[in-house]
Every structure is written in structure tokens, then in C-alpha cells.
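Visitor: I would like the atomic coordinates for the input below:
(2 chains)
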There are 2 protein chains.
Amino acid sequence: MDKLPERIRIKDIARLAEVSVGTVDRVLHGRPGVSKNSRERVEKILKELDYHPNMYASALASNKKYNFVCMLPLHSTRSYWHDIEQGARKAELSYSDFHISVEMLHYDPYDFSSFESVGKKALDMNPDGVMFSPTMSRTTLVFTKELEERKIPYVFVDSQVKEASPLAFFGQQAMQSGYFAGRMLMLLAHEKEAVVVFRHSRGGQMGSNQQHEREIGFRYYMNEHHKTCKIWELDVDVRQNQEETIQLLDDFFTSHPEVKLGITFNSQVHVFGEYLEYRNKSKAFNLLGYDLLDRNVNCLRKGTVTFLIAQQPFFQGYNGIQTLCKSLILRKEVKQVNYMPIDLLSAENLDYYLDSQESE
Amino acid sequence: MDKLPERIRIKDIARLAEVSVGTVDRVLHGRPGVSKNSRERVEKILKELDYHPNMYASALASNKKYNFVCMLPLHSTRSYWHDIEQGARKAELSYSDFHISVEMLHYDPYDFSSFESVGKKALDMNPDGVMFSPTMSRTTLVFTKELEERKIPYVFVDSQVKEASPLAFFGQQAMQSGYFAGRMLMLLAHEKEAVVVFRHSRGGQMGSNQQHEREIGFRYYMNEHHKTCKIWELDVDVRQNQEETIQLLDDFFTSHPEVKLGITFNSQVHVFGEYLEYRNKSKAFNLLGYDLLDRNVNCLRKGTVTFLIAQQPFFQGYNGIQTLCKSLILRKEVKQVNYMPIDLLSAENLDYYLDSQESE
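Guide: Presented below is the predicted three-dimensional model:
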């Protein structure tokens, strides 16, 4: 790349295009009130000069405030959703010079009406942009239709809903992630192996559609490469207490002592890792799960979980808010579909991954 | 986080601290000419108000140009170093509003005097900052001493030299990376396995110290967990032609038919993957290597290489230049040691990783 040219001024462009300075300004910032002929003349000159307006300067001069809303499932401090929230907070700070604010709203991920009422609250705030996770595809489409009617841009994190038209999506390709999980799990298998899929739900209702799609991908892999491997399923209801869960697992392993591999497609693998430690079973058992919750990370370090697959929640949140800023404030083009990497973590490469998720 | 307060003006700070506006400005931008007493008064008020100056506005107003130099080994278009260069170019574009330019200089990684003369050229340009890879620790320290005397900040990418004091370092912890590589390779092993380490050098001189440290980490893992596993070494000179390399490998595999696992610690694993394909040996052999060169990626897709470990070269380059901008232009604090993640890629998770390396 050559060195930058000396600074081109708007009045130079106006003179060359034979229009007013105000017209150039309107074209540069995509505002209406310019004739087709003038617009074309200005655009021709901009192209010839290879001129890119200084959007930082424009944004800083405008003094407009941008209010964004971020809607996420209710969560505890150290969770996958917490990391997304932290990323959004970091982006809010990084772009604070542009007068942005991010309002956080939370809903119950197992309750449709909770999502609806939080969505209504978000709309009442008349935000400039919304970032949320469409964990419930059915209610999401009602909400996105309303956003589209009001011309409020929105960004999906974690998962997407095909029928919607977000400004951008940041999340993993869930089926491929499950397919990869199958590959990695089976590296840990001995001959004649059986696998148990541990599931979490509330009365059969799963907390996210990602879980479901990962399992489809996993079964696709197993069908292609380990057709004869027996796959058991074990459903754990999130409302069970610890004793009930232990009893359920004891019963399962008593009936199926041959099962030495387990997998979960949500972030609750620590429930099973901690059980293996409690029953002193972890040496003979390999477990793969998702997401770097503190309790999962502890299991990985202790060896009760062998692999975790991570999906950069911090960057999902950071990039989501950044995309709203880039598009709305800096008026840059943004990429719509952004699949996050499918990251494999073991005790050996964990620390450097955790480090990289804290910086930006 | 609460909403941002209404804008605080510099003259409000001056009034509260009972100093002039010029004094506040000098404190904010770290310029000299302020008495200890005034500085403390201003800093106290800044802290009370939780005031952060708008560094974007300051930088844009200053009109200063920043010239950075980036020094990398000579490389082909699709290589690890090329990706670092692309990252640096992207950062140059992202920060172009702040009038930065990045001059690229290249040296021969197997020749000390080439690095020296390119370093001299860089100094002659009197840059505001330098980013480079200290592939040669011996000559690096002469160069960094000169930079430090001239008060030119510098950033390391890829590897670091302990005795130097860079503004920041972006790269992998090489020994841990080799340790992790050992773990992953041995998942592919059957019982009574032997491993061959393929090396690249020019007359015994390796092109980077990362290679050497990864091998130390790998041997550490093997010694801890697979003490009886035989490890062979095979040195390939980069000046050999293809026929000579094939002959060398044929000879090796004729003498050691029991070896079914191979590993490389540089980015040249494709040399061996392509050999396995040529000799139709890849089904019975597992190979692990580093970096996503096109030829390596092709081997991964074809199954002639089982795993690649990647280290985000694009982001090393991007973050390196970004750090110079953040520190010198936006006067933000930067983190000195930034280990890149140790990323494991297989045919199954490759595509989403490649996607994420192209965006920023």
C-alpha cells in the first residue's frame, strides 16, 4: 500500500464535482435531499480521488447518543451468558467516545412469556439497535418482525433463526460443532465402545436450540464413522436436586457399566464431571462438553472432563455491539454471518485460550 | 454500568482544580511543564469525576503522521508470515483515519547479516514504532538496544527474546504448544508406537527459535506420559530438491516401517503430507504439524495431515500494529505479554476457523 495522500478536503470535492459543500456532506453520510445527477457527480469524484470520509471525525462531531439494548437469558456470574455480557460491556467502554450506552435486560430461557415481556420492555425504550440471542425461535420471529417494522437494526449472538434478517450474527455452526465433537470424543474410545448423551431440560423443554442441533451433528458423525456404537440418552431435569441427580446417574451406570464415554451439548458438563469425581470413576471415563464455565474449567484441570469445546462468548458479545457501532455510527459495511471458531480445549492448552478471551 | 454522564468539559475540570485549561490539557496528554502540586490537583478531580479524555478527538485534531516499520522474514504469498503481514495491512487500514503508515521490510531468516542490514534500513527511516519477529535472538538484542536508545517503541510478533523490553509481544507459548502437540499426537497412537520428528533447517541452522522450543515441550510431554515411546529424528535441508527429499523419506520408512506417527514443529508439514499421498501411505500414518499454509490446509482436507496447530498470525499482525496505535496515538495502556491461543484444527473444524481469521 502506498503512503496516504495529503488530506483531501470536502470543499475540494465540492469544487471538482461542481456542487455545494452541503451536497458532498449529504452524499458522504447517506442523507437524502440530493439530486441523482449531483449524487453521481460527487460519487465519480470520490472514486477518482479514492476518498474515504473520516467517519471518526464525523461521528465525534455529531454529538448524537446511541442507546443499545442487549437481551440475554438470566444467568449466574460465571456462565457462558455472563461472558457474552462482559464482551458487550467491554465494547460499550471501547466505543464510549461515541456516546453509546448498552442497557442489559434478562429473561427466563425456559419461559416464552418472559422473553415476550422483556422484548416489549426493549421496544418501549425505543433503542437505536438491539443485540440478543434467539434461544426461542418461535417467539423470536414475532419480536424481529416488530423491530423490522420500526427499522431498528438487530444482531443475533449464540444462535440464529433462518427466517429473520439480522444486521449480523455471531455464533457457532452448531451442527458442524457437534460433528467435530463426535470426532474428538471417538479419539478417546477403545474398541466396542458405547456413548451416553447427557441432556438438560425443564419438563422436556431445552434451554437453547443450539443443544439440539449439536446433537444432530454428533449423530451424523457417529452414523458415518461408528455405526455400530451404541448411543444411550440420559435426561436430567434442571429442577432435580443433587441427590436425585446422583441417584439417576448411579442407576444408569449400574445398568450400563460398559459405557466409558459421555458427551453433553449444553454448558452443564460439570454436573457429570463432579459426579465422576464424587464416585471416583473419572480415570476410566472420558467426558466431552461445552463452554468454559468455572466449574467446567475446574473439571478439565482435574481430569474429570477430557475436552471442552468453546465458542468465544466474550467476542460474540464484543463483536455484536461493535457491529452496531460500525454500521450505525461509523457507517461501515459489516459482514452478516460470522461463524465463531469451534475451539477444542484440554488441560494443556486451556490457559492461553482463557488469556486471549480477556483481552480485546 | 450506569449511563454515561453528560459531557464534562476541560474548562469545568480547570475550574474545579483551580488551574488553567492549558494545565489540564498537559496533564491529560502526559506533556511536561506542570508543577507537582497542579498535577495532583488535576488528577484528583479527574478521578472524582471519573473523567476519560476523548483520545479519538485529540488524535484526530493533532494531524501528526505516524510511520511504523514492520520487519518480517522473506516469504511466499501463502505463508504464516504472509498472514501476519495481512493483519498488519488490515490494521493500517482500520487506523488510517489517524494518518498511520506501515512500511514492510523483509530479511532472509537464515542469514544474520540480512537481518542486520534490514534493521539498519529501518532505523534510517526514523520510525515512530517498529513491529518485528525476533527470529534470531542473537542479532535481535543489538537491534532492540539501538531502538531503546532512540526511544523507539517496538512490538514482537511470533516469538520473544527474554532480555528485551518490547511494548508488547503477541505469539504462542512455544513450549506449552509442543506439550499440547504431544498430547494430541498420542491420542492417535496405537500401542507400542514410535514417532518421527521431521525437521527443516539450512546447514543445521533453523529458521526460528519457536521450532526448537516446541520440540522441547513435546519431548517433555513424551517423557512424562510415554517414556518408552521411541522418537526418531529426520533432518531435511531446505536446499534439497524434491527427489532428494523423497529418497530421504523412502530410506527412512524402509528402515523404520513400524513408525506410524510423525510431527513437525515448523510450517512445512505439507512436505511430508504430500509424500504420504505420493507413496499412498496416508491411511496408515498420522501426521501433526503447524500453521494454515494453503498446502498444509490441502493436506488436512485430504487426510494426509490429521491435525494442524494454528496460532492466529493474522491477529498477531493486526494486534501488533493496533497496539502501537493504542499506545502512541490514543495513549491507552497496553498489555505487554499476549499469548495467542494454541488452536487445534482438523478437517472438521477448519472452515470456521479460517472464516474467523479473515474478519477483524
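Visitor: tell me which parts of the stretch 201-350 of chain A are close to chain B?
Guide: Where the stretch 201-350 of chain A comes near chain B, counting by Cβ under 8 Å from any Cβ of the partner chain, the residues are A:221, A:335, A:338, A:339, A:340, A:341, A:342, A:343, A:344, A:346, A:348, A:349. Where C-beta positions appear, they are placed from N, C-alpha and C, glycine not excepted.
Visitor: one more time with 10 Å, if that's ok
Guide: Those residues of the stretch 201-350 of chain A that sit near chain B, judged by Cβ under 10 Å from any Cβ of the partner chain, are A:217, A:221, A:306-307, A:309-312, A:315, A:319, A:322, A:330, A:332, A:334-335, A:337-350.
Visitor: can you give me phi and psi for the residue nearest to residue A:171 when sequence neighbours are not counted?
Guide: Closest residue in space to residue A:171, ignoring its immediate chain neighbours: residue A:158 at 4.8 Å, by Cβ to Cβ, 6 or more residues apart in numbering or on different chains. Listed backbone geometry of residue A:158 is phi 70, psi -60, with angles given as degrees, to the nearest 10.
Visitor: what of the one 5 residues further on?
Guide: As for residue A:163, its main-chain torsions (degrees, to the nearest 10) stand at phi -80, psi -10.
Visitor: surely it and residue A:148 touch.
Guide: No. Look at residue A:163 against residue A:148 with Cβ atoms under 10 Å: they stay out of range, at 11.3 Å.
Visitor: who has more neighbours out of those two?
Guide: In this comparison of residue A:163 against residue A:148, neighbours counted by other Cβ atoms under 10 Å in any protein chain shown, the higher total goes to residue A:148 at 14 against 10.
Visitor: that one and residue A:154 touch, don't they?
Guide: Yes. Residue A:148 is in contact with residue A:154 according to Cβ under 10 Å; the separation is 8.4 Å.
Visitor: now do the shared contacts for these two.
Guide: Where contact means Cβ atoms under 10 Å, 6 or more residues apart in numbering or on different chains, the residues bridging residue A:148 and residue A:154 through contact with each are A:164, A:165, A:166.
Visitor: so can I have a markdown table of those residues showing secondary structure and pLDDT?
Guide: Shown next, in a markdown table, are the shared contacts of residue A:148 and residue A:154 (DSSP: H, G, I helix; E, B strand; the rest coil; pLDDT from 0 to 100):
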| residue | secondary structure | pLDDT |
| --- | --- | --- |
| A:164 | coil | 93 |
| A:165 | coil | 94 |
| A:166 | coil | 97 |
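Visitor: and those residues, which is closest to residue A:79?
Guide: Closest approach between the shared contacts of residue A:148 and residue A:154 and residue A:79, by Cβ to Cβ: residue A:166, at 23.1 Å.
Visitor: next, count neighbours for that closest one.
Guide: The local packing count at residue A:166 equals 24, with neighbours defined by other Cβ under 10 Å.
Visitor: isn't it up against residue A:336?
Guide: Yes. Contact status for residue A:166 versus residue A:336: in contact at 7.2 Å, counting by Cβ under 10 Å.
Visitor: and for these two, which residues touch both?
Guide: Taking Cβ under 10 Å, 6+ apart as the contact rule, the neighbours common to residue A:166 and residue A:336 are A:155, A:156, A:160, A:323.
Visitor: farthest-apart pair in these, please.
Guide: Taking Cβ to Cβ as the measure, these reach their widest spread between A:160 and A:323, a distance of 13.9 Å.
Visitor: common neighbours of those two, please.
Guide: When contacts are counted by Cβ under 10 Å, 6+ apart, residue A:160 and residue A:323 have A:166, A:168, A:169, A:170, A:336 as shared neighbours.
Visitor: surely the third one touches residue A:132?
Guide: Going back to what we said before, that points to residue A:169. No. Counting by Cβ under 10 Å, no contact exists between residue A:169 and residue A:132, whose distance comes to 11.2 Å.
Visitor: pick the one among the shared contacts of residue A:166 and residue A:336 closest to chain B.
Guide: For the shared contacts of residue A:166 and residue A:336, the minimum distance to chain B (Cβ to the nearest Cβ) is 10.3 Å, reached by residue A:323.
Visitor: returning to what we had before: higher neighbour count, residue A:169 and residue A:132?
Guide: For residue A:169 and residue A:132, the more surrounded residue by other Cβ under 10 Å is residue A:132, and the numbers stand at 27 against 23.
Visitor: give me the pLDDT value at the residue nearest to the more buried one when sequence neighbours are not counted.
Guide: Setting aside the residues directly before and after it, residue A:132 is nearest to residue A:71 in space (Cβ to Cβ, 6+ apart), at 3.8 Å. Predicted confidence (pLDDT) at residue A:71: the value is 96.
Visitor: okay, and residue A:71 sits in which element?
Guide: Assigned by DSSP states H and E, residue A:71 falls within strand A:66-73.
Visitor: direction included, what does that strand pair against?
Guide: For strand A:66-73, sheet partners with direction are given as strand A:100-107 (parallel), strand A:129-132 (parallel), following DSSP bridges.
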